[in-house]
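Colleague: next one to model:
(one chain, ligands or ions: 1)
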Amino acid sequence: MPVADVLVVGSGIAGLLAAIKIGEHFPSRKICVITKNEAAESNTQYAQGGISVVTDFLNDSFDSHIKDTLIAGDGLCDEEVVRFVVAQAYDRLEELIAYGVKFDRDSEGRLSLAKEGGHHRNRIVHCKDATGASVSSVLLQKLATLPNVTLLTNQIVIDLITRQPTAWHSRAGTSCHGVTLLDCASSKVSNIFSRTTILATGGLGQVYETTTNPLVATGDGIAMAWRAGAEVSNMEFIQFHPTALTSFGSNPCFLISEAVRGHGAHLINQLGERFMFKYHPDGELACRDVVARAIAMEMNVSGDSEVYLDCAHIAHHLPDKFPTIYQKCVSLGLDLYLEPIPVAPAAHYVCGGVDVDMEGRTTIENLYACGECANTGLHGANRLASNSLLEAMVFAHSCYQDIARRLDNIPLRIESLEVKTSQPLQAAERTLVLQTRASLRKLMTEQVGIIRSEKGLQLTKTCLAELSKLISKLATGIVDFDLQELRNIIDVAQLIVDQSLKRQQNCGAYFNIDHEVHSHFPLERVVQD
Ligand SMILES: Cc1cc2nc3c(=O)[nH]c(=O)nc-3n(C[C@H](O)[C@H](O)[C@H](O)COP(=O)(O)OP(=O)(O)OC[C@H]3O[C@@H](n4cnc5c(N)ncnc54)[C@H](O)[C@@H]3O)c2cc1C
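Modeller: Got it, this is the predicted structure:
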């Protein structure tokens, strides 16, 4: 029977850091990292701008980072968590540097600091415009040096193995004892039992038609934790990145980092007008929810499907500062001295997720969550740019510390469970699954996107309920990768819609035309500082 002391689901920054730290702490314990694609395929791999950390204590301060995070979160951040994260950012950054991540530095060796929307100071450390890829590659190399850590690639975790409380032990809640997974190559289903499990499964951008997230981002961890009975919150707060390169049908969309606006690029409409100051005094550097909504409104008024990022006046900096973005534009034949980049908002980040405390513990015993799939309280209604890699680093550390304290006292429960047999889908069924996925993504973009309405949400709720029934019927006796991802997409879409319907006031990334415009933070507070 396959067993591990600690199971980590996901090989992005959160999963890798947790596995490395636990693996180093317990050299004789068995740690297993499971990931559903190649090891590097994750949101982390695509992160461009960087990590927000206060490092320049002359010009920046914890208070300033805390204030920017609270303002972006529009009154719904947990201030204690914000303080906790900001205060340990520097220590976590030093660990990444010690592992070997080479952040950009100026000629005097100081960390080079960029600015992004919502930050009132330069505080984003970065590796050019490919920060995530640098971090991922260093962490994967580090993981490979640990003999007690096994990395299983191309294995999709389907569900958690849980135990319900028994009558004689009714004060204990549901507990987690491992996972069921499907080997994508052999289609074999198996169970792995563990003392404790960490979900680090990332985001859910693939619920939407246009997204910056890679194909693996289907909300699996959130869906399986929710099916197991964990608390899941703040799912209505989906962050749309304002400037994804117009997709030309590509999935995912290529991102034009906010750091390009931080470096001085202007947003203009079809008429060449720089429009952001109509919407917010911070212009292009207002928080992401504000900029994305402003672009959506410009596009609604003009009927255009894109706006433009004018980089002509900074074009000479782009090859050095943003080589990946520059090369992408060149490959599309764009001359950035003469032409602006066509951009539109795309689903980018889920601010909510599986509820965790400051130790990373979910409401299910022996189940932790960290990274984008977790709802820690840091982001509130809208994540501040570059706070997500930071959150993943801090909460992976919290999970590690709590597990280091508790692991010796957590029993390994192995049960003889029936292993589901995996049957392939018929060709017609697969077509149905793939078509349903495409239609659902379109529906979510149209009705549950940046601008929502009660009618649109109700309509989507009804469609999702029908789809859920259809897919449950189809899934009887079948375990299949495409079907499993669709099931997860439907589950998280239902969570987004249901939690949207419960929110009666516009706030942060949540905007419903049937509610009064409201912000917990009036504009005056945003521009102070
Ligand atoms: C284009 C882009 C740019 C970004 N830029 C920045 C930035 O500059 N700064 C910043 O702070 N944030 C940025 N973000 C957000 C940030 O990258 C993510 O929030 C963060 O990397 C999430 O890390 P994670 O470890 O939680 O998840 P991920 O990195 O997404 O990793 C999730 C892992 O879980 C695996 N997985 C998922 N489901 C299953 C399953 N069922 N079974 C097995 N494995 C599974 C996936 O394969 C993957 O390995 C960006 C995101 C994108 C998409």
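
Colleague: from residue 129, how far off is residue 320?
Modeller: Distance from residue 320 to residue 129, counting by Cβ to Cβ, to the nearest Å: 10 Å. Using the backbone N, CA and C atoms, a C-beta is placed for each residue, glycine as well.

Colleague: looking at the two now, which is surrounded by more residues?
Modeller: More crowded of residue 320 and residue 129, by other Cβ atoms under 10 Å: residue 129, with 26 against 9.

Colleague: please identify every residue contacting each of residue 320 and residue 129.
Modeller: Common neighbours of residue 320 and residue 129, using Cβ atoms under 8 Å, 6 or more residues apart in numbering, do not exist here.

Colleague: dump the C-alpha coordinates for the helix or strand harbouring residue 180 into CSV.
Modeller: Using DSSP states H and E, the element containing residue 180 is strand 175-183. Only the C-alpha atoms of strand 175-183 are listed here, as CSV (Å, rounded to 0.1, in the frame of the first residue of the first chain):
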residue,chain,number,x,y,z
SER,A,175,-10.0,14.3,9.0
CYS,A,176,-7.8,13.6,5.9
HIS,A,177,-5.7,10.5,5.5
GLY,A,178,-4.5,10.7,1.9
VAL,A,179,-5.6,11.1,-1.7
THR,A,180,-6.9,9.1,-4.6
LEU,A,181,-5.1,9.8,-7.9
LEU,A,182,-5.1,8.9,-11.5
ASP,A,183,-2.0,8.2,-13.5
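
Colleague: which residues are in contact with it?
Modeller: Here strand 175-183 makes contact (Cβ under 8 Å, 6+ apart) with 3, 7, 9, 34, 152, 154-163, 188-194, 196-197, 228, 364-367, 412-415, 419-420, 422, 479-481, 484.

Colleague: does whichever residue of the stretch 101-250 of the chain sits closest to the ligand count as helix, strand or coil?
Modeller: Residue of the stretch 101-250 of the chain nearest the ligand, by Cβ to the nearest ligand atom: residue 202 (2.3 Å). With DSSP: H, G, I helix; E, B strand; the rest coil as the basis, residue 202 sits in coil.

Colleague: check contacts around it.
Modeller: By Cβ under 8 Å, 6+ apart, the contact set of residue 202 is 10, 12, 14, 42-44, 213, 216-217, 221, 371-373.

Colleague: do residue 283 as well
Modeller: So residue 283 contacts 274, 276, 277 (Cβ under 8 Å, 6+ apart).

Colleague: the second one: how many residues sit nearby?
Modeller: Per other Cβ under 10 Å, the neighbour tally for residue 276 reads 24.

Colleague: leaving out sequence neighbours, find the closest residue to it.
Modeller: Closest residue in space to residue 276, ignoring its immediate chain neighbours: residue 283 at 4.4 Å, by Cβ to Cβ, 6 or more residues apart in numbering.

Colleague: what's the pLDDT at that neighbour?
Modeller: At residue 283, the pLDDT value in this model is 94.

Colleague: likewise residue 302?
Modeller: The score at residue 302 is 90. That number is its pLDDT.

Colleague: that one: neighbouring residues, count only.
Modeller: Residue 302 is flanked by 13 other residues according to other Cβ under 10 Å.

Colleague: hang on, isn't it packed against residue 269?
Modeller: Yes - counting by Cβ atoms under 8 Å, residue 269 is a contact partner of residue 302 at 6.3 Å.

Colleague: got the phi and psi for the residue in the stretch 301-450 of the chain that the ligand sits nearest to?
Modeller: Closest to the ligand within the stretch 301-450 of the chain is residue 371: 2.1 Å, counting by Cβ to the nearest ligand atom. Per-residue torsions, residue 371: phi 80, psi -160 (degrees, to the nearest 10).

Colleague: find the nearest non-adjacent residue to residue 437, please.
Modeller: residue 486 (5.2 Å).

Colleague: the one you found: neighbour count?
Modeller: When neighbours are counted by other Cβ under 10 Å, residue 486 registers 22.

Colleague: hmm, it is touching residue 433, no?
Modeller: Yes - using Cβ under 8 Å, residue 486 makes contact with residue 433 at a distance of 5.4 Å.

Colleague: overlap in contacts, these two.
Modeller: Common contact partners of residue 486 and residue 433 (Cβ under 8 Å, 6+ apart): residue 471.

Colleague: before we move on, back to that, want to throw the contacts of residue 202 into JSON lines with secondary structure and pLDDT?
Modeller: Listed next are the contacts of residue 202 as JSON lines, based on DSSP: H, G, I helix; E, B strand; the rest coil; pLDDT from 0 to 100:
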{"residue": "10", "secondary structure": "coil", "pLDDT": "98"}
{"residue": "12", "secondary structure": "coil", "pLDDT": "98"}
{"residue": "14", "secondary structure": "helix", "pLDDT": "98"}
{"residue": "42", "secondary structure": "coil", "pLDDT": "98"}
{"residue": "43", "secondary structure": "helix", "pLDDT": "98"}
{"residue": "44", "secondary structure": "helix", "pLDDT": "98"}
{"residue": "213", "secondary structure": "coil", "pLDDT": "98"}
{"residue": "216", "secondary structure": "coil", "pLDDT": "98"}
{"residue": "217", "secondary structure": "coil", "pLDDT": "98"}
{"residue": "221", "secondary structure": "helix", "pLDDT": "98"}
{"residue": "371", "secondary structure": "helix", "pLDDT": "98"}
{"residue": "372", "secondary structure": "helix", "pLDDT": "98"}
{"residue": "373", "secondary structure": "helix", "pLDDT": "98"}
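
Colleague: ok, of the residues you listed, which one's closest to residue 396?
Modeller: Taking Cβ to Cβ as the measure, residue 396 lies nearest residue 14 of the contacts of residue 202, at 4.8 Å.

Colleague: number of residues surrounding that closest one?
Modeller: Using other Cβ under 10 Å, the number of residues around residue 14 comes to 34.

Colleague: and the one 5 residues further on, by the same measure?
Modeller: By other Cβ under 10 Å, 30 other residues sit near residue 19.

Colleague: just residue 63 next, same as before
Modeller: Residue 63 has 12 nearby residues by other Cβ under 10 Å.

Colleague: element containing it?
Modeller: Assigned by DSSP H and E, residue 63 falls within helix 62-72.

Colleague: contacts for that helix next, please.
Modeller: Residues outside helix 62-72 that contact it (Cβ under 8 Å, 6+ apart): 52, 54, 77, 79, 82-83, 85-87, 89, 118-121, 123, 287-289, 378-380, 382-385, 387, 508, 521, 525-526, 529.

Colleague: what's the mean pLDDT across it?
Modeller: In this model, helix 62-72 has an average pLDDT of 97.

Colleague: by how many degrees do the next helix or strand after that helix and helix 62-72 diverge?
Modeller: On the C-terminal side of helix 62-72, the closest following helix or strand by DSSP H and E is helix 79-99. What separates the directions of helix 79-99 and helix 62-72 is an angle of 120 degrees, with axes from the mean of the first three to the mean of the last three Cα atoms, to 10 degrees.

Colleague: list the buried residues in helix 79-99.
Modeller: Neighbour counts over helix 79-99 (16 or more other Cβ atoms under 10 Å) mark 81, 82, 83, 84, 85, 86, 88, 89, 92, 93, 96 as buried.

Colleague: between these, which is closest to residue 110?
Modeller: Within these, proximity to residue 110 (Cβ to Cβ) peaks at residue 93, which comes in at 13.4 Å.

Colleague: wait, that closest one sits on residue 54?
Modeller: No - at 9.7 Å, residue 93 and residue 54 do not qualify as touching, with contact defined as Cβ under 8 Å.

Colleague: these two touch, right, residue 251 and residue 215?
Modeller: Yes - the criterion here is Cβ under 8 Å, and residue 251 meets it with residue 215 at 7.2 Å.

Colleague: anything in contact with each of the two?
Modeller: Between them, residue 251 and residue 215 share no contacting residue under Cβ under 8 Å, 6+ apart.

Colleague: list the contacts for residue 148?
Modeller: So residue 148 contacts 23, 26, 27, 28, 29, 30, 31 (Cβ under 8 Å, 6+ apart).
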